[in-house]
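[1] Mind folding the following:
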Amino acid sequence: MLRNRRTKIVATVGPACAQPEMLKALYLAGVDTFRMNFSHGTHEDHARVHAALRALETETGRPIGILQDLQGPKIRIGLLQDGPLTVEKGEKLRFVLGDAPGGRFSIPLPHPEIFAAIAPGQDLLIDDGRVRVRVTSAETDTIDAEVRVGGPLSNHKGVNLPGTALNLSPLTRKDRADLEFGLSLGMDWVALSFVQRPADLIEARGLIGERAGLLAKIEKPSALEHIDDIIRLSDAIMVARGDLGVEIPNEEVPGRQKELVRACRLAAKPVIVATQMLDSMVTSPTPTRAEVSDVATAIYDGADAVMLSAESAAGAYPVEAVQMMDRIIHSTEHHKLYPSILASSAPGEEDSPPHAVAAAAAMLAESIHAAAIVGFTSRGATAARIARKRTNVPIVAMTPDLAVARRANLLWGAYSVHAPDIRSYDEMVQSAENVLMREQVAEPGALAVVVAGIPFGHAGSTNNIRVIRISSQHPA
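    As a prediction, the model looks like this:
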């Protein structure tokens with residue numbers, strides 16, 4: 001299943017595609033990693049999907065990545081005792097601490113963290129910003145505010161606080177139970193919602209350890225202020241444009257997307273661009289031209305992966321959405337301007353031997369027109385360092401660790417292969433040849449560049465490049 005593209009596709013599993021035959025159809029259409037959204041569904045539902053994907057992995061003989069997306073804290077107003085109400089611009093409102101039903105002058109807000117952090121002049125956005133109010137005064141249990149953008153209010157609508165950092169853990173009691181359940185199943189990635197500061201990643205890492213990759217969802221302005229540390233402490237990043245676009249001006253989102261993609265490339269960490277990429281395909285068999293352009297922009301930016309949410313989880317055309325995403329990626333990557341646009345945003349080199357070796361391997365492979373770059377990797381770092389160069393030569397990431405092979409499905413251009421460990425140069429060459437022939441990546445007589453760390457099996461020791469010519473003998 002060597003894809004004819006470099007950028008990966010992440011698809012969300014939901015009612016529209018949770019059956020084994022639909023999961024297989026999505027995989028064959030082009031999905032590289034499946035996202036399981038723990039904001040919805042029961043543990044039993046998720047266990048069935050996980051089992052179906054692992055059965056599909058066995059059937060196809062290819063590693064399949066599975067991402068667990070934790071719900072995170074949900075900040076909402078409480079019950080309105082007289083039902084929905086409409087507020088007008090300039091109107092005065094009062095929010096009160098607690099969950100007792102209230103009205104226009106006692107809107108319940110059962111979140112003490114807000115009352116501890118909010119200050120006059122700051123905004124509360126309700127229902128994804130459809131209603132916006134500005135705080136005029138704040139006490140320990142009341143907040144007075146003036147309506148800046150009016151509209152309807154109803155029970156349990158979400159609240160966003162742009163510019164206000166809350167003393168709130170990203171892991172609720174539900175998240176902790178979901179996390180332990182997901183890790184017991186064997187999730188490859190854990191996506192952490194509501195990340196505000198580096199300490200949030202440290203807290204999550206303490207629970208996850210090395211059992212899964214840790215992915216930070218960037219959806220809060222405070223996370224942008226600490227982005228270098230957040231990237232350093234995580235294994236991957238998701239640009240969650242939906243929530244981020246509520247809390248920062250919409251016109252700033254494209255620029256932030258480019259900044260985040262470039263920062264992740266510099267750090268050799270996978271980055272996913274997500275939210276509303278082909279949103280009209282929830283109900284339509286074709287996307288809008290604006291949506292196609294949006295996906296192409298993420299590809300030109302150099303994102304490792306693009307993601308489908310409701311399009312695959314609840315839409316009427318999940319397979320068609322994946323096929324469309326696949327075609328957009330393929331067309332964009334084969335456009336004559338793609339290499340130069342990608343090169344123009346390339347990050348500078350980190351001053352370290354492993355990065356220099358990976359960069360040299362990519363340049364060497366291009367100059368000799370190699371059929372592939374084979375990266376032997378124990379933790380995935382070698383493959384990630386090669387991928388950050390965004391070379392036009394296929395990258396075969398070979399690892400003895402199945403979990404690493406599954407996670408490598410998020411890496412740009414990486415074709416992950418679970419293969420036995422190697423202990424010598426001869427084994428390295430023979431194993432590389434066998435895999436390239438078996439997977440139909442290279443033909444006899446073709447050149448390949450092999451990158452590894454010596455001594456073999458030591459993580460983080462990328463220090464060796466070798467050029468091999470594929471022999472005419474068929475692999476054992």
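[2] Kindly report the domain assignment for the chain.
    8-72+170-335, 85-160, 353-469 (automatic domain parsing).
[3] So which residues of the stretch 101-250 of the chain form helices?
    For the stretch 101-250 of the chain, applying DSSP state H, counting those that start in this stretch gives helices covering 112-117, 173-185, 198-208, 221-225, 227-233, 241-247.
[4] Of the ones you listed, give the one that comes closest to Pro353.
    Among the helices of the stretch 101-250 of the chain, the nearest to Pro353 by C-beta to C-beta is helix 227-233 (19.3 Å). For the C-beta atoms, the positions are set from N, CA and C on the backbone; glycine is no exception.
[5] elements contacting that closest one?
    helix 198-208, strand 213-218, helix 253-267 (3 or more C-beta pairs under 8 Å, 6 or more residues apart in numbering; DSSP states H and E).
[6] Switch those over to TSV; also include distance to Asp304 and mean pLDDT.
    Below are the helices and strands packed on helix 227-233 laid out as TSV (distance: least, C-beta to C-beta, whole Å; pLDDT from 0 to 100):
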stretch	distance to Asp304	mean pLDDT
helix 198-208	19	97
strand 213-218	11	98
helix 253-267	7	96
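[7] would you turn these into CSV with mean neighbour count and distance to Asp32?
    CSV is the format used below for the helices and strands packed on helix 227-233 (neighbours: other C-beta atoms under 10 Å; distance: least, C-beta to C-beta, whole Å):
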stretch, mean neighbour count, distance to Asp32
helix 198-208, 17, 22
strand 213-218, 24, 14
helix 253-267, 18, 17
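[8] returning to what we had before: how about the helices of the stretch 101-250 of the chain in JSON lines, adding distance to Asp99?
    What follows is the helices of the stretch 101-250 of the chain, written out as JSON lines (distance: least, C-beta to C-beta, whole Å):
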{"stretch": "helix 112-117", "distance to Asp99": "11"}
{"stretch": "helix 173-185", "distance to Asp99": "16"}
{"stretch": "helix 198-208", "distance to Asp99": "26"}
{"stretch": "helix 221-225", "distance to Asp99": "26"}
{"stretch": "helix 227-233", "distance to Asp99": "32"}
{"stretch": "helix 241-247", "distance to Asp99": "24"}
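[9] and of those helices, who's closest to Val271?
    Closest of the helices of the stretch 101-250 of the chain to Val271 is helix 227-233, at 8.9 Å (criterion: C-beta to C-beta).
[10] Mind listing residues that contact the closest one?
    195, 197-198, 201-202, 205, 214, 216, 218, 223, 237, 259-260, 263-264, 267, 269 (C-beta atoms under 8 Å, 6 or more residues apart in numbering).
[11] how about 7 Å then?
    For helix 227-233, contacts defined as C-beta atoms under 7 Å, 6 or more residues apart in numbering pick out Val195, Pro198, Leu201, Ile202, Ala216, Ala223, Ile237, Ala263, Cys264, Ala267, Lys269.
[12] if you average pLDDT over that helix, what comes out?
    Mean pLDDT, helix 227-233: 98.
[13] Could you pull out the buried residues of that helix?
    Ile227, Ile230, Ile231, Leu233 (16 or more other C-beta atoms under 10 Å).
[14] on contacts alone, who are the packing partners of the top helix by length along the chain?
    In the chain, assigned by DSSP state H, the helix with the most residues is helix 43-60. Applying 3 or more C-beta pairs under 7 Å, 6 or more residues apart in numbering; DSSP states H and E, one finds that helix 43-60 makes contact with helix 20-29, strand 33-37, helix 173-185.
[15] Which one of those lies nearest to Leu67?
    Nearest to Leu67 among the helices and strands packed on helix 43-60 is strand 33-37; the distance by C-beta to C-beta comes to 4.6 Å.
[16] Could you tell me the angle between the closest one and helix 20-29?
    140 degrees (axes from the mean of the first three to the mean of the last three C-alpha atoms, to 10 degrees).
[17] Quick one: residues in contact with strand 33-37.
    Applying C-beta under 7 Å, 6+ apart, the contact partners of strand 33-37 are 8, 10-13, 46, 49, 53, 64-69, 307, 313, 409-410.
[18] Drop everything from the residues you listed that is not in strands and list the rest.
    Judged by DSSP state E, these include Lys8, Val10, Ala11, Thr12, Val13, Gly65, Ile66, Leu67, Gln68, Asp69, Met307 as members of strands.
[19] Max pairwise distance over those: which two?
    Lys8 and Gln68 (17.3 Å).
[20] I am finished for the moment; much appreciated.
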